[in-house]
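1. Mind looking at a prediction? Sequence and model below.
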Amino acid sequence: MAKLNPLFDKEIEMAMRRTIDAIAADLLDLYEDGIVPKEDAREMVLDADRMLMYGNMDPAIKFYYQDLSLEEKEELAKKAIPLDLC
């Protein structure tokens, strides 16, 4: 388990928000009612290396992120994406 770093955690949360901003339009197209459940949004951010593509993380933050467990990433995603998207 990685040692948590509050400053890096905040940077990762911001990277998660940048990632959801980058993919939100495409994601919204998948839902007829125009509402993306927060759980789905979090999963899409964490899936398929989207954070590495869209998160705009500096190398130290990227290394820290890659060293986190899935559970730690999911906890940060809950903070970064607390609400459904619409």
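-> On my side now, so go ahead.
2. in the longest helix seen in the chain, what counts as buried?
-> With DSSP state H setting the assignment, residue counts place helix 6-28 as the longest helix in the chain. By neighbour count with 16 or more other Cβ atoms under 10 Å, helix 6-28 contains the buried residues 8-9, 11-13, 15-16, 18-20, 22-23, 27. All C-beta atoms are positioned from the backbone trio N, CA, C, and that covers glycine.
3. Rebuild those as a markdown table, extending it with pLDDT.
-> Formatted as a markdown table, the buried residues of helix 6-28 follow (pLDDT from 0 to 100):
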| residue | pLDDT |
| --- | --- |
| Phe8 | 96 |
| Asp9 | 96 |
| Glu11 | 97 |
| Ile12 | 97 |
| Glu13 | 97 |
| Ala15 | 98 |
| Met16 | 97 |
| Arg18 | 97 |
| Thr19 | 97 |
| Ile20 | 96 |
| Ala22 | 95 |
| Ile23 | 95 |
| Leu27 | 89 |
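4. tell me how far the longest helix of the chain is from the chain's mean position?
-> Distance of helix 6-28 from its chain centroid, counting by Cα atoms, centre = their mean, to the nearest Å, is 5 Å.
5. okay if I get the buried residues of helix 6-28 as CSV plus distance to Asp40?
-> Shown next, in CSV, are these (distance: Cβ to Cβ, whole Å):
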residue, distance to Asp40
Phe8, 26
Asp9, 22
Glu11, 24
Ile12, 19
Glu13, 18
Ala15, 19
Met16, 14
Arg18, 18
Thr19, 14
Ile20, 11
Ala22, 16
Ile23, 11
Leu27, 8
